[in-house]
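**Q** coordinates only, no sequence provided:
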């Protein structure tokens, strides 16, 4: 499972310290109370901080192994050869052979061994009510309670064909909480049950969906609980109670030990800083190795380096001072990431774990620190709030991040629009929302009831003189619809952006910059006075370039380049920031403000957003 969600390269997230006054979350919502909007939920979640969380070591634990003795058939073991000590579906051969996850003796053996090496809890795979994994949870918890051990579930997927995504997710969550949450062995923080959410389930729901899922489940459960998200992302730190990643195999695949140490030294520090700046539970993952090439072609192989990688990762993880260290895995035999004793390696990794986990558990709990990012000054907050007094900024449906989160922190009135509100001219109009932001990725909602009804709503808004800003986290806004169809709607919404296949002199798009060119952004200091006059094109990370370029047939349209990419010879490659007023071309009367996805990284979120939104307010409802 881990190869589906490798730890992505971490970049410093949007971190700001200027916070609006945040309301206290009301846990006493009635079961029928409608959830608040997503941005209000962000504010409420910000008040949830976890200081002095006891240090723990947890291991991902798999209960999907079965034999006919305890289950209806073999599961996850295939072509077992005890003589040759070989299993077709397993990279290594367990010391206990092809065992059954429902066998009480095996459960006791695993818990006893885990406790001996300093592991505090198992995170056990869970795929839904009534599954083999579900039946194993009670057995695991009952055994854990007798041995003063803990366990929780790893919520892997949400599949409910007869229900909406939110309804099915709430049903899953309530089932786990009501069935297992009160068990004395269930993992808790401050008496509240803790559940981990795997990347597959994470990606099935968008940010707004998760806000609704969590609020609805809290209201119906009538008690509090914690969710730990898979993925070190700014939005995850705001929506969930903690951050983790299942696997770091891609960071280690094909790397030397020195390279692995350097990569994780940086990644671990950034991950802990992100969680801690939001007061969330920080988790770091260590692996002994990874090899799923026996079951997938070509697969991923992260060599164990003769047992040297595992202690190296432990050293770096402990030094980064997370709240919890997670081991991938106790017994994921298909992917060769297990530390459980095997015929090939004996209990070598149990002994290594015993060298690190107990000492880590004795370290005093850490205290969440404020963001290390540069904060917005009180004077600038006051200026922005004065400029936007009486104005509400709308956020298009979908993922929420970047500029929207910055505005929330700065205390500006921001509203996340729902799909239904988009279709209501009395709600979604240029008078009520003089500025609307698309701040997700490359996809957007194109249809709610009738094909293209959201497209028509956006065009209507622009024709009314509305200002549409694209400040997304991926290269090309409005590229795909909710059905993942490539629709390329940016142009019809007024953004003259060069797409992947488009050329046009030097002002072309690319996946990687041309070799031998020294590229620099020249910034319009008149329009954006708080930014530097120039800044270099990034050297690493996502380098996909989708420039804004004035169309040759633009007529009387206004086009103001605010950040132009140039090389050392004066050649121009289009604009990373541009403002467009449509006086001749459609959508007539509409206004657009385009910001390339990496500008926040390069210029800093505070400086960039302050100047952009100060510029935008001068263009709202102007012709």
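**A** Sure thing, it's come through. Every value quoted in this text rests on a predicted model; they were computed, and no experiment measured them.

**Q** which secondary element of this protein has the worst mean pLDDT?
**A** For the chain, using mean pLDDT, DSSP states H and E, the weakest element among its helices and strands is helix 38-46, scoring a mean of 82.

**Q** helices or strands up against that helix?
**A** helix 207-221, helix 234-239, helix 402-409, strand 414-416 (3 or more Cβ pairs under 8 Å, 6 or more residues apart in numbering; DSSP states H and E). Backbone N, C-alpha and C define where each C-beta goes, glycine included.

**Q** which positions in it come out as buried?
**A** The neighbour-count check on helix 38-46 (16 or more other Cβ atoms under 10 Å) flags 38-46 as buried.

**Q** quick one, which of the helices and strands packed on helix 38-46 is nearest to residue 437?
**A** Comparing the helices and strands packed on helix 38-46 by their distance to residue 437 (Cβ to Cβ), the top pick is helix 402-409, with 5.6 Å.

**Q** what average pLDDT does that closest one get?
**A** Helix 402-409 comes out with an average pLDDT of 85.

**Q** got a list of what the residue lying closest to residue 103 once chain neighbours are set aside touches?
**A** Spatial nearest neighbour of residue 103, chain neighbours left out: residue 70 (5.7 Å); criterion: Cβ to Cβ, 6 or more residues apart in numbering. By Cβ atoms under 8 Å, 6 or more residues apart in numbering, the contact list for residue 70 reads 100, 102-103.

**Q** how does it look with 10 Å?
**A** Residues in contact with residue 70 (Cβ atoms under 10 Å, 6 or more residues apart in numbering) are 99-104, 106, 132, 135-136, 139.

**Q** check residue 320 too.
**A** Residue 320 touches 264-273, 282, 284, counting by Cβ under 10 Å, 6+ apart.

**Q** residue 223 now?
**A** 27, 177-178, 181-182, 191-193.

**Q** now a ChimeraX select for only the buried ones of those residues.
**A** Buried residues among the contacts of residue 223 (16+ other Cβ under 10 Å), as a ChimeraX selection:
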select :177,181,193
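
**Q** in strands only, show me the contacts of residue 223.
**A** Among the contacts of residue 223, DSSP state E puts 192-193 in strands.

**Q** ok, so of the contacts of residue 223, who is nearest residue 221?
**A** For these, the nearest to residue 221 is residue 177 (5.3 Å; Cβ to Cβ).

**Q** quick check, pLDDT for the closest one.
**A** The model reports residue 177 with a pLDDT of 98.

**Q** what separates it from residue 615, distance-wise?
**A** Going from residue 177 to residue 615 by Cβ to Cβ, to the nearest Å gives 47 Å.

**Q** again, but for residue 235
**A** When residue 235 is compared with residue 615 (using Cβ to Cβ), they lie 25 Å apart.

**Q** so which of these two has more stuff around it?
**A** residue 235 (24 against 18; other Cβ atoms under 10 Å).

**Q** please look at that one and residue 207 and confirm they touch.
**A** Yes: using Cβ atoms under 10 Å, residue 235 and residue 207 qualify as a contacting pair, with a distance of 5.3 Å.

**Q** common neighbours of these two, please.
**A** 38, 42, 399-401, 404, 440.

**Q** okay, among those residues, which ones form the most distant pair?
**A** 42 and 440 (14.6 Å).

**Q** show me the helices in the stretch 501-623 of the chain, by range?
**A** 599-603, 605-617 (DSSP state H, counting those that start in this stretch).

**Q** between those helices, which gets nearest to residue 340?
**A** Of all the helices of the stretch 501-623 of the chain, it is helix 599-603 that lies closest to residue 340, at 41.0 Å by Cβ to Cβ.

**Q** run through who's touching that closest one.
**A** 11-14, 401-403, 406, 471, 473, 521, 523, 528, 530-532, 535-538, 541-542, 562-563, 576-577, 596, 605-609, 611-612.

**Q** give me the buried entries from these.
**A** By neighbour count, with 16+ other Cβ under 10 Å, the contacts of helix 599-603 hold 13-14, 401-403, 406, 471, 473, 521, 523, 528, 531, 535, 537, 562-563, 576-577, 596, 605-609, 611-612 as buried.

**Q** picking up where we left off before, angle of the least confident helix or strand of the chain against helix 207-221?
**A** Angle, helix 38-46 to helix 207-221, by axes from the mean of the first three to the mean of the last three Cα atoms, to 10 degrees: 60 degrees.

**Q** show me how far helix 38-46 is from its chain's centre.
**A** 16 Å (Cα atoms, centre = their mean, to the nearest Å).

**Q** break the protein down into its domains, please.
**A** Using automatic domain parsing, the domain ranges for the chain come out as 53-362, 378-617.

**Q** list the buried residues of the helix ranked longest in the chain.
**A** The residue-count maximum for a helix in the chain (DSSP state H) belongs to helix 257-277. If you call a residue buried by 16+ other Cβ under 10 Å, then helix 257-277 has these buried ones: 260-261, 263-264, 267-277.

**Q** and which of the residues you listed is nearest residue 229?
**A** The closest of these to residue 229 turns out to be residue 275 (Cβ to Cβ; 10.0 Å).

**Q** and the spatially closest residue to the closest one that is not a sequence neighbour, what are its phi and psi?
**A** Closest residue to residue 275 apart from its sequence neighbours, by Cβ to Cβ, 6+ apart: residue 282 at 3.6 Å. Main-chain torsions, residue 282, degrees, to the nearest 10: phi -100, psi 130.

**Q** check residue 50 too.
**A** Per-residue torsions, residue 50: phi -120, psi 100 (degrees, to the nearest 10).

**Q** before we move on, what about residue 155?
**A** phi -70, psi 110.

**Q** next one: residue 313
**A** The phi/psi pair for residue 313 (degrees, to the nearest 10) is phi -70, psi -40.

**Q** got a list of what it touches?
**A** Per Cβ under 10 Å, 6+ apart, neighbours of residue 313: 248, 251-252, 260-261, 264, 268, 284-288, 325, 327, 356.

**Q** ok, back up a step: any chance of the helices of the stretch 501-623 of the chain in TSV, plus distance to residue 95 and mean pLDDT?
**A** Compiled in TSV, the helices of the stretch 501-623 of the chain are given as follows (distance: least, Cβ to Cβ, whole Å; pLDDT from 0 to 100):
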stretch	distance to residue 95	mean pLDDT
helix 599-603	48	90
helix 605-617	51	94
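
**Q** remind me which residues of the stretch 151-300 of the chain are low pLDDT?
**A** Along the stretch 151-300 of the chain, no part satisfies pLDDT under 70.

**Q** so which residues of the stretch 101-250 of the chain form helices?
**A** With DSSP H, counting those that start in this stretch, the ranges of helices along the stretch 101-250 of the chain come out as 104-116, 132-146, 165-180, 199-204, 207-221, 234-239, 249-252.
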